[in-house]
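In: Need the 3D shape of this:
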Amino acid sequence: MWDDKWGLYDAVSVSAGTLMFARMLPDIPQRIRNMVEEPYNKAMEFIIERQGKDGEWEYKEKYETPVCVTAHLLQKTLGYDKKGVKASKKAVQYLVKTQHPEGHYDNMNVDHTCDSIRALILASELLDDYSWHNTIEKGFKWLMSIRNDDDSWGDFPGEESNMLILCDVLDTILKYKRFVKLSNLSLRRQ
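Out: Okay, the predicted model is just below:
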């Protein structure tokens, strides 16, 4: 059972991410790795069991659509056994399918668009599958097209720029630049 005051995005995503890093980092003592293994597996099973049939994860108490939560949880399931990979692929298809034709997500929500682009970039790299690069490209171009006059971004196009969204977009830009290099290499190999 889980605490119903928290949802998939809040406690579960953050906790699963922390446990995931505790397993991966090279300088973590083995005794700590051993301690986090069972909670990590339980967290991943919890996440996978709650995935919707279309690949989404919903958190209706906080978000009108599943896009943001799906983008965040996709990044957690990518490295978890065959069930995690299967869940990740379903989540990728959900994000590809729900992108607006102009490239944004959730009615031009800049944060959710950044979350989705970054999740798709990570999935491309870890699954070594660049078949949804057009979705990533379209989202990135949309972000660049809605910059404010001060070369920053607000929560939605035309809204006042703010530091949180600027950092979100800059993180997406950096990951996108790396993705372009990797995807060009991958496309040449095929």
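
In: Could you pull up the contacting residues of residue 112?
Out: With contact set as Cβ atoms under 8 Å, 6 or more residues apart in numbering, residue 112 has these partners: 65, 67, 68, 71, 105, 106. Quick note: C-beta positions are derived from backbone N, CA and C, even for glycine.

In: one more time with 10 Å, if that's ok
Out: 63, 65, 67, 68, 69, 70, 71, 104, 105, 106, 155, 168 (Cβ atoms under 10 Å, 6 or more residues apart in numbering).

In: in what helix or strand does residue 18 lie?
Out: Per DSSP states H and E: residue 18 is located in helix 14-24.

In: what's the following helix or strand after that helix?
Out: Downstream of helix 14-24, the next assigned helix or strand under DSSP H and E is helix 30-49.

In: Find me the pLDDT at the residue at the greatest distance from the centre of the chain, would you?
Out: Residue farthest from the centre of the chain, counting by Cα atoms, centre = their mean, is residue 31 at 29.8 Å. What the model reports for residue 31 is a pLDDT of 90.

In: go on, the one 3 residues further on?
Out: Taken from the predicted model, the pLDDT recorded for residue 34 is 89.

In: Please apply the same query to residue 8.
Out: 59.

In: Repeat that for residue 80.
Out: Looking at residue 80, its pLDDT reads 89.

In: Please apply the same query to residue 18.
Out: Reported pLDDT for residue 18: 87.

In: in terms of contact, does it touch residue 40 like I think?
Out: Yes - taking contacts as Cβ atoms under 10 Å, residue 18 lies within contact range of residue 40: 9.3 Å.

In: more crowded one of these two?
Out: Neighbours were counted for residue 18 and for residue 40 using other Cβ atoms under 10 Å; residue 40 has more, 20 against 14.

In: ok now do the closest residue to the more buried one other than its chain neighbours, which residues does it touch?
Out: In space, and not counting its chain neighbours, residue 40 is closest to residue 19: 4.0 Å by Cβ to Cβ, 6 or more residues apart in numbering. Residue 19 makes contact with 35, 36, 37, 38, 39, 40, 41, 42, 43, 44, 76, according to Cβ under 10 Å, 6+ apart.

In: Highest neighbour count among those residues?
Out: Ranked by neighbour count (other Cβ under 10 Å), the contacts of residue 19 have residue 76 at the top, with 26 neighbours.
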